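# I need the structure of the sequence given here:
(one chain, ligands or ions: 1)
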Amino acid sequence: MTTASTYIDQAKTVVVKIGSALLVDDNGELRRDGLAGFAADLAMLQAKGCRCVVVSSGAIALGRHRLAKASARLKLEEKQAAAALGQVQLASEWKAALNQEGLDAAQILLSPDDTERRRRHLNARATLNTLLDHGIVPVVNENDTVATMEIRYGDNDRLAARVAQMISADVLILLSDIDGLYTADPHHDTTAQHIPEVRKIGDEIKAMAGPAHEDFATGGMITKIEAGRIATQAGCHMAICNGQNIRPIKGLIEGQRATWFIADANPPQARKKWIAGGLQPQGQLILDAGAVGALHKGKSLLAAGITKAEGVFDRGDLVAVCDPQGQEIGRGLCNYSATDVAKIAGCKSSAIPDILGYRGRDEVVHADDLVIDQQSDAKTAESKAIG
Ligand code: GLU
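Numbering: from 1, shown residues only. As a prediction, the model looks like this:
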C-alpha cells in the first residue's frame with residue numbers, strides 16, 4: 001500500500017478543505033492557533049514545490065455572531081448577510097496567517113456555474129492557475145451572498161472536490177473533526193471500526209456515513225463521500241483527516257490516521273473522461289493534415305491548423321475536431337467562439353490580438369481539454385504503416 005507521504009510527495013497540486021468548526025469556536029471567535037498551524041502546513045507543502053489551494057469555510061460561523069444570531073436558525077438572507085460580514089474577516093485572517101509564513105493569499109468566491117458551466121469553468125481555472133503559477137495561495141469559498149438554496153454547492157466538501165477536479169489537483173485533503181471514515185458513527189457506536197483506504201465507493205461505503213453532528217458544519221460524512229466520488233473520478237486522491245490536531249498535514253505525512261480514497265486513474269486521463277462524457281458538441285473545427293498529425297502527438301490545437309469552423313458555439317463550448325475530410329477525430333473545449341475562430345483560422349497565434357482586438361489564449365483548444373478518439377489514432381498509425 002502506498003503511504004500518505006508518497007501521495008503528497010508526488011503531488012504537484014493539493015487542495016485543502018478546512019471546515020468551519022476548525023476555524024471558529026462556539027463564541028464565533030476565530031481559532032488563531034489552528035489557523036496558524038494550517039498556514040504552516042501550507043508553507044511546508046509550498047516549500048516542497050507543491051501548489052496549494054485552500055477551500056475555507058467559516059464565513060457564516062464568523063458573521064452570524066456579529067448579526068447577533070448565534071443560535072437561531074438563520075433565514076436565507078440572514079445567512080447571506082452573515083456570510084458577507086464573515087467573509088471579509090475570514091479572508092483577512094487568512095492573508096495575515098499566510099503572510100506570517102512568507103506566503104501571499106488571494107480570495108476566490110465561486111458559484112456552481114463557475115465549475116459546472118464550461119465557459120466560466122475555463123475562466124475560473126485560468127485565474128486559479130495564474131495565481132498558483134505565481135506561488136500565491138488561493139483561498140476559496142462559496143459565493144454565499146449570491147447563492148440561493150437551489151443554486152448553491154451547499155457544502156464546501158463538494159466545492160473543494162469540484163475545485164480539485166477543475167485544476168486537475170493530485171490530492172484533496174478534507175480537514176475534519178474526525179480522522180476518517182468508520183463502519184458506524186464512532187461517537188455513538190463503540191464497535192465502529194476505522195477504514196484506512198477506500199478503493200471503490202459502493203453502497204456499503206455510502207451506508208457507513210451518518211448525518212453531520214456539528215451544529216454549524218453542513219458537511220457530514222455523506223458530503224465527504226460524495227466529494228470522494230467527484231475527486232477520485234477526476235483522478236485525484238482524497239484524504240479525510242482530523243484537523244483538530246496541531247499541524248494536521250504534517251501529521252498526515254508522518255502517518256497519522258486518515259481515510260484515503262484512491263483515485264480511479266491518473267489525473268489527465270480521468271479529466272478527459274469528463275470532457276468526452278455525455279456532452280453534445282456545439283460545432284466542428286476542420287483541421288489541415290498537419291494539425292491532425294500534431295493532435296495525435298498530444299499537441300494543442302492552434303489557429304494555424306484550422307481551415308474552417310462550423311456550427312454556433314461560444315467560448316468554452318465543446319466542439320468536435322475533424323480531419324480535412326470532415327471525419328471527427330476527437331473533441332475538446334474551444335477557447336474561442338465560432339465567429340472568432342472563423343476570423344483567426346489559418347493565422348499564427350501571435351496575430352490573434354490584432355485580428356480580434358483582444359489577447360485570448362494561444363491555443364484554440366488546449367491539449368488538456370482535448371480528447372482524441374483512439375480509433376482515429378489507430379487509423380492514423382495504420383495509414384502511416386501502409387504509406
Ligand atoms: N460557505 C460556508 C461558510 O463559509 C460554509 C459551507 C460549509 O462549510 O460546507 O460559512
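# in the stretch 151-300 of the chain, which ranges drop under the pLDDT threshold?
Residue ranges of the stretch 151-300 of the chain with pLDDT under 70: 151-152, 154, 209-219, 265-271, 273-274, 276-279.
# mind listing the helices for it?
Per DSSP state H, counting those that start in this stretch, the stretch 151-300 of the chain carries helices over the ranges 156-166, 203-207, 221-233, 248-253, 267-276, 289-296.
# Tell me which of those sits most buried.
With neighbours taken as mean count of other C-beta atoms under 10 Å, the helices of the stretch 151-300 of the chain reach their highest mean count in helix 156-166, at a mean of 27. Yep, even glycine has a C-beta here, placed from its N, CA and C like the rest.
# Tell me which residues are up against it.
15, 17, 19, 53, 55-57, 110, 115-116, 121, 124-125, 128, 140-142, 153, 169, 172, 174, 218-219, 223-224, 226-231, 233-234, 236, 238, 271, 274 (C-beta atoms under 8 Å, 6 or more residues apart in numbering).
# Can you list which of those are found in strands?
Mapping those onto strands (DSSP state E) picks out Val15, Lys17, Val53, Val55, Ser56, Leu110, Val140, Asn141, Glu142, Leu172, Leu174, Met238.
# Let's see the pLDDT reported for the second one.
Predicted confidence (pLDDT) for Lys17: 98.
# Return the set of residues that bridge with it.
Val55, Leu174 (DSSP bridges).
# and it, what does it touch?
Lys17 neighbours (C-beta under 8 Å, 6+ apart): 54-57, 156-157, 159-160, 172-175, 227.
# quick revisit: in CSV, list the ones in strands among the contacts of helix 156-166 along with distance to the ligand.
Output for the ones in strands among the contacts of helix 156-166, formatted as CSV (distance: C-beta to the nearest ligand atom, whole Å):
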residue, distance to the ligand
Val15, 14
Lys17, 9
Val53, 15
Val55, 9
Ser56, 7
Leu110, 10
Val140, 10
Asn141, 5
Glu142, 4
Leu172, 14
Leu174, 10
Met238, 16
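# and the helices of the stretch 151-300 of the chain as JSON lines, adding distance to the ligand?
Formatted as JSON lines, these follow (distance: least, C-beta to the nearest ligand atom, whole Å):
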{"stretch": "helix 156-166", "distance to the ligand": "4"}
{"stretch": "helix 203-207", "distance to the ligand": "19"}
{"stretch": "helix 221-233", "distance to the ligand": "7"}
{"stretch": "helix 248-253", "distance to the ligand": "17"}
{"stretch": "helix 267-276", "distance to the ligand": "23"}
{"stretch": "helix 289-296", "distance to the ligand": "40"}
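# Would you format those helices as CSV with distance to Gly332 included?
Shown next, in CSV, are the helices of the stretch 151-300 of the chain (distance: least, C-beta to C-beta, whole Å):
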stretch, distance to Gly332
helix 156-166, 16
helix 203-207, 34
helix 221-233, 19
helix 248-253, 35
helix 267-276, 7
helix 289-296, 9
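# what's the closest of the ones you listed to Lys48?
Lys48 lies closest to helix 248-253 among the helices of the stretch 151-300 of the chain, at 9.5 Å (C-beta to C-beta).
# how far away is Arg199 from the ligand?
Here Arg199 is placed at a distance of 26 Å from the ligand (C-beta to the nearest ligand atom, to the nearest Å).
# and the residue nearest to that residue when sequence neighbours are not counted, backbone torsions?
Using C-beta to C-beta, 6 or more residues apart in numbering and skipping residues adjacent in sequence, the residue nearest Arg199 is Ile262, 5.0 Å away. Dihedral angles of Ile262 (phi, psi; degrees, to the nearest 10) stand at phi -90, psi 130.
# May I have the phi/psi pair for the closest residue to Asn27 other than its chain neighbours?
The shortest distance from Asn27 to any non-neighbouring residue, by C-beta to C-beta, 6+ apart, is to His65 (7.0 Å). When quoted as degrees, to the nearest 10, the phi and psi of His65 stand at phi -70, psi -30.
# one step back: so the residue nearest to Arg199 sits against Glu197, correct?
Yes - counting by C-beta atoms under 8 Å, Glu197 is a contact partner of Ile262 at 6.5 Å.
# rewinding a little: kindly indicate which of the ones in strands among the contacts of helix 156-166 lies nearest Glu363.
Taking C-beta to C-beta as the measure, Glu363 lies nearest Val53 of these, at 23.2 Å.
# Could you report the pLDDT at the closest one?
Reading off the model, Val53 has pLDDT 98.
# and the closest residue to Leu302 other than its chain neighbours, what is it in contact with?
Of all residues not flanking Leu302 in the chain, Ser349 sits nearest, at 5.6 Å (C-beta to C-beta, 6+ apart). Contacts for Ser349 (C-beta under 8 Å, 6+ apart) come out as Leu302, Ala303, Ala304, Asp362, Glu363.
# Put the buried members of these into a ChimeraX selection.
Filtering the contacts of Ser349 down to the buried ones (16 or more other C-beta atoms under 10 Å) takes a single ChimeraX command:
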select :302,303,304,363
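# Single out whichever of the contacts of Ser349 has the smallest pLDDT.
On pLDDT alone, Asp362 ranks lowest of those, at 89.
# Run a quick check on that one versus Leu302, I expect a contact.
Yes - assessed by C-beta under 8 Å, Asp362 is found in contact with Leu302 at 7.1 Å.
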